[in-house]
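S.K.: I would like the atomic coordinates for the input below:
(one chain, ligands or ions: 1)
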Amino acid sequence: MIDLHSHILPQVDDGAANLSEALHMAEMAAVSGVTHMVCTPHFRGEMQSLRTLPEIARQFTLLKQAVGGAKLPLTLSCAAEILCTPDTVDMAAAHRLPTLDGKRYLLTEFYFDESPQYMNACLSGLAQLHYTPVIAHPERYDALQRDAHLAEYWFRHGYLLQLNKGSILGAFGSRVQHTVHRLLADGAAHLVASDAHHAHVRTPDMTSLTRWLRSHCNPAYAEILLLRNPRRILDGRPPVPV
Ligand SMILES: [Fe+2]
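M.R.: Below is the predicted model:
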């Protein structure tokens, strides 16, 4: 299984507090069947990114060395979860945003109460630059909870929808859970990821998630969400149609 969204890198955002917690998280992921984890620290606009980019690279090197030293069967790569701010499209145009595949897939997030107009303007600005937005946890946005057609609209425009493990399992409340289960039932999902932040809460352990998906979804659908589409995104290929 491939986990495309995690805050495992220490000391760069609200994720892992230190290298020891990050290593513990890597071990939890590997034990639960994850073979490749993408480190996607929060990346919030021009001023912050200028400060944090070198630090992200430094922490990534340290974590890779630690995971290698511990002989964990886990491949790591590094990207970011990009909050769509007014400077995002300009930064994308200047090729200054880290992508999931090193080319065109951008993991994007919004403030939870963001308007659909703002979201769509940002997404279409990125698409016009030939980036493909991978929308992080769409089920957590108010706009999508209110209007199911928004997911359909995003899906039709070729934006990818990444659901969160915690949303599916009910960690963010019944409204989020109801929304995410509806997306799954409608086939309006491309992949599921942990969005792990810590070793004690919001963890990268995928055991409960895989159990839930196996008992509620067609096995082929679960494989698309957990393995096939994440692999295709990393390889810069289009997702498998659901
Ligand atoms: Fe995240």
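S.K.: quick one, phi/psi of residue 191?
M.R.: Main-chain torsions, residue 191, degrees, to the nearest 10: phi -160, psi 160.
S.K.: one more: the one 5 residues further on?
M.R.: The phi and psi torsions at residue 196 (degrees, to the nearest 10) take the values phi -70, psi 140.
S.K.: let me see the contact set for it.
M.R.: Neighbouring residues of residue 196 by Cβ atoms under 8 Å, 6 or more residues apart in numbering: 3, 6-8, 15, 25, 29, 165, 202-204. Bear in mind the C-beta positions are built from the backbone N, C-alpha and C, glycine included.
S.K.: can you check residue 25 too?
M.R.: The contact partners of residue 25, taken as Cβ under 8 Å, 6+ apart, are 6, 8, 16, 196, 198-199, 203-204.
S.K.: mind putting those into a markdown table with distance to residue 92 and pLDDT?
M.R.: Formatted as a markdown table, the contacts of residue 25 follow (distance: Cβ to Cβ, whole Å; pLDDT from 0 to 100):
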| residue | distance to residue 92 | pLDDT |
| --- | --- | --- |
| 6 | 22 | 98 |
| 8 | 24 | 98 |
| 16 | 27 | 97 |
| 196 | 26 | 98 |
| 198 | 30 | 97 |
| 199 | 33 | 97 |
| 203 | 31 | 98 |
| 204 | 28 | 98 |
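S.K.: of the residues you listed, which is the nearest to the ion?
M.R.: The ion has its nearest neighbour among those in residue 6, at 7.7 Å by Cβ to the ion.
S.K.: the closest one is in contact with residue 38, isn't it?
M.R.: Yes - look at residue 6 against residue 38 with Cβ atoms under 8 Å: they come within range, at 6.7 Å.
S.K.: between those two, which one's more packed in?
M.R.: Between residue 6 and residue 38, counted using other Cβ atoms under 10 Å, the more crowded position is residue 6 (28 against 24).
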